[in-house]
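1. below are the sequence and a predicted model; questions follow.
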Amino acid sequence: MRRFLGYERALIVTAVEAERAAVLGGLGVDGQAPDALETGAPVVVVACGVGPAAAAAVTSQFLTMAMQQGAPFDVVVSAGIAGGFAGRVEIGGLVVATESIAADLGAEGPDGYQSVDDLGFGTSRHDADPALLRQLRQALPEAVGGPVLTVSTVTGTAHSKELIEKRHPDAVAEAMEGFGVATAARLWPAAAFGEIRSVSNAVGPRDRAAWRIPQALATLRETFAILTGRGL
Ligand SMILES: O=C(O)c1cccc(C(=O)CC[C@H]2O[C@@H](n3cnc4c(=O)[nH]cnc43)[C@H](O)[C@@H]2O)c1
């Protein structure tokens, strides 16, 4: 198996098995045995489950186990499909996060929404590692760069789309794991963090039949072929 960019050991965290299979397909392997972590594979791909809590828990577990085995990860990437904000990214297109933002981690009050940052309780944002981001932008010139939101509930009405766009006017996409993966990765300063998303649907009123999942999974697969030097 080839390396991810120039990194010694990469942990790629997807939400579901179909995304994991697409990433592994890009790496040129049909599947990965459950002992990939123990055998020192240069790229380990794990499906953590949906949402930021599962993402943080599983990422933390894998980072700790790799360190205990003496083969720590030096890069951690949250990867999968996402909803894209219309006019910023096409369905089937690719997004590279400049930062991963917990879009609903805060409080509502008479003056509107306040993030945990506004409240003085910590941070709702994690920047992508600058060196990793540069490499991703160079390897994937067609990708749209910008903040990617992490939500616990998929935006599904015109009203909630309007609200989230007002709170995060620069966001290019929303998904459900990036901030969780980043929160765990931040505990390991030696590991660079990034988030890569292919777009399966437009953020807005729920229309599951319009989600182009096979197209987004194909983009994800091509992306990881490029990032491991296997081309298209
Ligand atoms: O049904 C399938 O075949 C299938 C294959 C791959 C992935 C899925 C998912 O449902 C993945 C859920 C995952 O996708 C992210 N996501 C995608 N669109 C959005 C969105 O509009 N808002 C928020 N999250 C989105 C998210 O990270 C989920 O964990 C199904």
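-> Okay, I see it.
2. what's near enough to touch residue 147?
-> With contacts defined as C-beta atoms under 8 Å, 6 or more residues apart in numbering, residue 147 is in contact with 97, 98, 99, 100, 101, 125, 168, 170, 171, 172. Bear in mind the C-beta positions are built from the backbone N, C-alpha and C, glycine included.
3. let's see 7 Å
-> With contacts defined as C-beta atoms under 7 Å, 6 or more residues apart in numbering, the neighbours of residue 147 are 97, 98, 99, 101, 168, 170, 171, 172.
4. list only buried entries from those.
-> Buried subset of the contacts of residue 147 (neighbour count, 16 or more other C-beta atoms under 10 Å): 97, 98, 99, 101, 168, 171, 172.
5. just the ones in strands from these, please.
-> With DSSP state E as the criterion, strands contain 97, 98, 99, 101 from among these.
6. okay, these in a markdown table with distance to residue 83 next?
-> As requested, these are arranged in a markdown table below (distance: C-beta to C-beta, whole Å):
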| residue | distance to residue 83 |
| --- | --- |
| 97 | 14 |
| 98 | 17 |
| 99 | 17 |
| 101 | 14 |
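7. which of those are close to the ligand?
-> Filtering these for neighbours of the ligand using C-beta under 6 Å from any ligand atom leaves an empty set.
8. widest-spaced pair of those?
-> Among those, the pair separated by the greatest distance (C-beta to C-beta) is 98 and 101, at 9.9 Å.
9. burial check on residue 80, number of neighbours?
-> Each residue near residue 80 was counted by other C-beta atoms under 10 Å, and the total is 30.
10. helix, strand or coil for it?
-> What DSSP: H, G, I helix; E, B strand; the rest coil gives for residue 80 is strand.
11. now do the contacts for the closest residue to the ligand within the chain.
-> Relative to the ligand, the nearest point of the chain is residue 83 (2.2 Å; C-beta to the nearest ligand atom). The neighbours of residue 83, taking C-beta under 7 Å, 6+ apart as the test, are 154, 155, 173, 174, 201, 202, 203.
12. just the terminal-to-terminal distance for stretch 35-42.
-> For stretch 35-42, the first and last residues are 13 Å from each other (C-alpha to C-alpha, to the nearest Å).
13. all set now, cheers.
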